[in-house]
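Trainee: I'd like to go over a predicted model; first the sequence, then the structure.
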Amino acid sequence: MDAAAVDRSDQLHVRIGGQHGAQPAADRARCAGDRDPCHRPTMAVMSGFGPTGDDNPFEGMPFLGDLGRMLGGMGGAAGGLQWDAARQMAMQVASGGESEPNIDPIARMDVEQLARVADLHIAQKTGLSTSMTGRGVQVVPVTRMQWVQRSLDAYKPLFESLASSLSTAPEAPSDPAEQGDPFAAMLTQIMGSMAPMMLGVTAGGMIGHLAQRSFGQYDLPIPREPSDELLLVLPNVNGFADDWSIDRKDLLLWLAMHEIAHHAVLAVPHVRAALEGGLREYAAGFRPDASGLSDKLGTVDMSDPQASMAELQNLFGDPEVVLGAIQTDAQRALLPRLEALIAMIEGYVDHVMDAVGTGLISSYGMITEAVRRRRVQADESDRFVARLFGLELGQATYDQGAAFIDGVVEREGFDALDALWKGESFLPTPAEIEAPGLWLARIEIDTGTDTGTDTDTP
């Protein structure tokens, strides 16, 4: 991939983060809210679009002809995720176009020894098995490129579900003014053809960018294929230790605890199934919506083909245009349940780490403050992959999870949390994550208080 492609990926990261360039005012093309297709500024160049037997949706738009021919030449592949493009983009972004040194064997030995200590303490505190295969957990230091290779494979099923949902034909327009509109018809074809292709490039760019910041494989709590190999991105760990003047071995032990604690929770079959199912359901719930793109394109001045081409490239290079306007009601209804589960997982892991780490790592408090500040102050571009799957890991999520876990422990002790691992019906609902007393009451744990005195009950 050439340098220009990498530059475009960097621009894409900026745009994902919400720093959009100024757009022409909507009334430049037509009055705000005007849905009359006759007022669209693109109609002059769209006069050739129609049922001519050519499936190229860019017919009549010469400056997009090459893109149309490219999509047409892709045949059936255009409807699926372009995974080779994703992989190439991820590798370029992760490495910055430079080769990486191999992992130092001494560092590998340090990680192995510290992981054994972390495994022992996490298993002892939680009572959970830290192994998914029965062979024992291993924490493996890797380079950014190695993390990308493993993460692309791990995230592929979710991205494929998302690509499939973006290929679904959008519903017929409810507005009569939109029916029979050749501009809207063109956009429908564009969305179906381009969204999966754009998603491949976007997925690769975002995973490559995550590789530059991630410490391990559970920075985002996305389950991976069952394995007892956990990854630590050693270049990122070493850089963070240097930036914060943290003892490197202390940080490695902290991160080994973090990864193993997540691994233990996600090794519980019903927790893993609930999270995997929720993420896949969310990813499969997107639907193309040409109206959002139509509104954006309505601001493009087609009188200057060269300038309009640049504006169109910016629009189609912005995943918020291709993806951001297509969240469905079903997805919004799913989010509270997914967020409650994620909050519980993160709250439990943080509680376990605080209980174990305080007496095990002399600099635990400093490391915890630094890492937890970093995870909620990350740039929006670092969270784009998470947003695609309904994972909003802001401070509110961590606070909500901590309040739930602390509320249960304060009432009934840490052992009461063992009920979480009994079955899916024991996982907290969105209402219960806000009120741990409700969860305790539902699972029939006697709180020892008089009826009606639970302060969590509205």
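Mentor: That came through, no problem.
Trainee: only C-alpha atoms from now on, for both contacts and neighbour counts.
Mentor: Will do.
Trainee: ok but R375 is inside a strand, no?
Mentor: No: under the criterion used here (DSSP: H, G, I helix; E, B strand; the rest coil), R375 is helix, not part of a strand.
Trainee: local confidence estimate at it?
Mentor: For R375, the model assigns a pLDDT of 83.
Trainee: again with A44
Mentor: What the model reports as pLDDT for A44 is 34.
Trainee: any stretches of the chain with poor pLDDT?
Mentor: For the chain, the stretches with pLDDT under 70 are 1-81, 167-197, 288-298, 300, 302, 308-326, 378-386, 445-458.
Trainee: let me see the domain layout of it.
Mentor: 80-168+184-289+324-446, 290-323 (the TED database).
Trainee: how near is V93 to G204?
Mentor: In this view, V93 and G204 are 8 Å apart by C-alpha to C-alpha, to the nearest Å.
Trainee: ugh, typo on my part, it should be R144
Mentor: 13 Å.
Trainee: in the chain, which spans are strands?
Mentor: Using DSSP state E, the strands of the chain run over 138-142, 229-233.
Trainee: so what does the first one touch, helix or strand wise?
Mentor: Just to be clear, that refers to strand 138-142. Strand 138-142 is packed against helix 105-126, strand 229-233, with contacts defined by 3 or more C-alpha pairs under 8 Å, 6 or more residues apart in numbering; DSSP states H and E.
Trainee: deepest of the ones you listed, which one?
Mentor: Mean neighbour count, computed with mean count of other C-alpha atoms under 10 Å, is highest for strand 229-233 among those, reaching a mean of 21.
Trainee: orientation of that strand relative to strand 138-142 in degrees?
Mentor: 30 degrees (axes from the mean of the first three to the mean of the last three C-alpha atoms, to 10 degrees).
Trainee: which one's the longest helix in the protein?
Mentor: helix 329-360 (DSSP state H).
Trainee: quick one: work out the angle between that one and helix 105-126.
Mentor: With the same axes, to 10 degrees applied, the angle from helix 329-360 to helix 105-126 works out at 100 degrees.
Trainee: who does helix 329-360 touch, helix- and strand-wise?
Mentor: Counting by 3+ C-alpha pairs under 8 Å, 6+ apart, helix 329-360 packs on helix 105-126, helix 248-266, helix 269-283, helix 364-376, helix 395-412, helix 430-434.
Trainee: outside of the third one, which residues touch it?
Mentor: To tie it back to what came earlier, the one meant is helix 269-283. Here helix 269-283 makes contact (C-alpha atoms under 8 Å, 6 or more residues apart in numbering) with 158-159, 161-162, 165, 222-223, 265-266, 331, 334, 338, 341-342, 388-390, 421, 423-424.
Trainee: what's the angle from it to helix 329-360?
Mentor: Inter-element angle recorded for helix 269-283 and helix 329-360: 140 degrees (by the same axes, to 10 degrees).
Trainee: just the CA trace of helix 269-283, in CSV.
Mentor: Coordinates of each C-alpha in helix 269-283 appear next as CSV, following Å, rounded to 0.1, in the frame of the first residue of the first chain:
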residue,chain,number,x,y,z
PRO,A,269,-20.0,-20.4,29.5
HIS,A,270,-23.2,-18.5,30.0
VAL,A,271,-21.3,-15.2,30.4
ARG,A,272,-19.4,-15.8,27.2
ALA,A,273,-22.5,-16.8,25.3
ALA,A,274,-24.5,-13.8,26.5
LEU,A,275,-21.8,-11.4,25.5
GLU,A,276,-21.0,-13.0,22.2
GLY,A,277,-24.7,-13.2,21.4
GLY,A,278,-25.3,-9.6,22.3
LEU,A,279,-22.4,-8.4,20.2
ARG,A,280,-23.4,-10.4,17.2
GLU,A,281,-27.0,-9.4,17.5
TYR,A,282,-26.0,-5.7,17.6
ALA,A,283,-23.6,-6.0,14.7
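Trainee: buried ones in that helix, by neighbour count?
Mentor: H270, V271, R272, A274, L275, E276, G278, L279, R280, E281, Y282, A283 (16 or more other C-alpha atoms under 10 Å).
Trainee: including distance to D304, could those residues go into CSV?
Mentor: Below are the buried residues of helix 269-283 laid out as CSV (distance: C-alpha to C-alpha, whole Å):
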residue, distance to D304
H270, 57
V271, 55
R272, 53
A274, 52
L275, 49
E276, 48
G278, 46
L279, 43
R280, 43
E281, 43
Y282, 40
A283, 38
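Trainee: let me know the closest of these to H351.
Mentor: Checking the buried residues of helix 269-283 against H351 by C-alpha to C-alpha gives V271 as the nearest, at 17.6 Å.
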